[in-house]
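*Asks:* Dropping the sequence and predicted coords here.
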Amino acid sequence: MNNKIYSILVVEDEDSIRKFIKINLEREGFDVVEAATGEEGLEKARLGEIDIVVLDIMLPGIDGYEVCKILRKEFPTIGIIMLTAKSQDIDKITGLEYGTDDYMVKPFNPMELVLRIKSLVRRLEMVNTVEEDLLLDEPFKIDTYSRKFYKNDEEIELTPTEYSIMKIFMENPGKAFKRDEILNWVWGVDFFGDSKIVDVNVRRLRAKIEEDPSNPKYIGTVWGVGYRWENREEE
């Protein structure tokens, strides 16, 4: 990580868990803002520069899914890690579909949460790295200086994770990526989750860039392996 002090918003209604997370994150040098409800979390996010939100699903008032949906709309580039007391895949996938970058199942080791946050920070830093060149693959363009993605010169908002995946694809046209390769490049080798997180993010990307997401033209599936950015120059 660079010398920037990253600001983490912890939205968790259980006071003991919220304080425990706060202590461990501050020990690692993060600036921590607390909120006990979804409404308070949105208010705190709107007040200042928040880099990452640690967001519980089960909250009084509006739940974590709705908070995530609103945050994604208002702050497309913010990092979001969702906390859930449930271990079913459907809960993880639902959170990812709403735009979270990662998830943690309670109870969890606080050091694992720290590692997940540091992994997300690396993605944010990669997104914000100043580069001189544009990545061009008509009709798509990535402006790596302003960290913007375009299709037919119209900007498409991407989350930090989606941007990182898209950048890897466009830098390597035609290459078949295994899911584990994408995990290591985007989430880091210390990521402890499963490869479903790659599938959900690819599904979200297809919904944003494909004319027909059910019959993708640009992000191809390599059966039994993973995904490939189709090099249309070779078609």
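*Replies:* Here it is on my side, so go on.
*Asks:* show me the contacts for the spatially closest residue to residue 104 that is not a sequence neighbour.
*Replies:* With sequence-adjacent residues excluded and distances taken as Cβ to Cβ, 6 or more residues apart in numbering, residue 104 is closest to residue 83, at 5.3 Å. For every residue, glycine as well, the C-beta is placed using N, CA and C. With contact set as Cβ atoms under 8 Å, 6 or more residues apart in numbering, residue 83 has these partners: 12, 54-57, 64, 103-104, 106, 108.
*Asks:* One more pass at 7 Å, please.
*Replies:* For residue 83, the contact set (Cβ atoms under 7 Å, 6 or more residues apart in numbering) comprises 12, 54-57, 104, 106.
*Asks:* For the residue nearest the centre of the chain, which non-adjacent residue is spatially closest?
*Replies:* Residue closest to the average C-alpha location in the chain (Cα atoms, centre = their mean): residue 101, at 2.7 Å. Spatial nearest neighbour of residue 101, chain neighbours left out: residue 161 (4.6 Å); criterion: Cβ to Cβ, 6+ apart.
*Asks:* Now the element after the least confident helix or strand in the chain by mean pLDDT, going C-ward?
*Replies:* Ranked by mean pLDDT, DSSP states H and E, the weakest helix or strand in the chain is helix 89-97, scoring a mean of 67. Proceeding C-terminally, helix 89-97 gives way to strand 102-105 as the next helix or strand, assigned by DSSP states H and E.
*Asks:* The next helix or strand after that next one: which residues count as buried?
*Replies:* Note on strand 102-105: by DSSP H and E, the next helix or strand toward the C-terminus is helix 110-127. If you call a residue buried by 16 or more other Cβ atoms under 10 Å, then helix 110-127 has these buried ones: 110, 113-117, 119-121, 123-124, 126-127.
*Asks:* other SSEs contacting helix 110-127?
*Replies:* Applying 3 or more Cβ pairs under 7 Å, 6 or more residues apart in numbering; DSSP states H and E, one finds that helix 110-127 contacts helix 15-27, strand 79-84, strand 102-105, helix 160-171.
*Asks:* Quick check: neighbours of the second one in the sheet, parallel or antiparallel?
*Replies:* Which is strand 79-84. strand 52-56 (parallel), strand 102-105 (parallel) (DSSP bridges).
*Asks:* Please report the distance of the closest residue to residue 57 other than its chain neighbours from residue 121.
*Replies:* Spatial nearest neighbour of residue 57, excluding adjacent residues (Cβ to Cβ, 6+ apart): residue 64 at 3.9 Å. With distances taken as Cβ to Cβ, to the nearest Å, residue 64 is found 21 Å from residue 121.
*Asks:* Then residue 169?
*Replies:* Residue 169 is 22 Å from residue 121, by Cβ to Cβ.
*Asks:* How about residue 71?
*Replies:* Where residue 121 is concerned, residue 71 sits at a distance of 17 Å (Cβ to Cβ).
*Asks:* Please point out which parts of stretch 163-181 sit buried.
*Replies:* For stretch 163-181, the neighbour count (16+ other Cβ under 10 Å) marks 163-170, 177, 179, 181 as buried.
*Asks:* Relative to residue 141, which of the helices and strands packed on helix 110-127 is closest?
*Replies:* helix 160-171 (9.0 Å; Cβ to Cβ).
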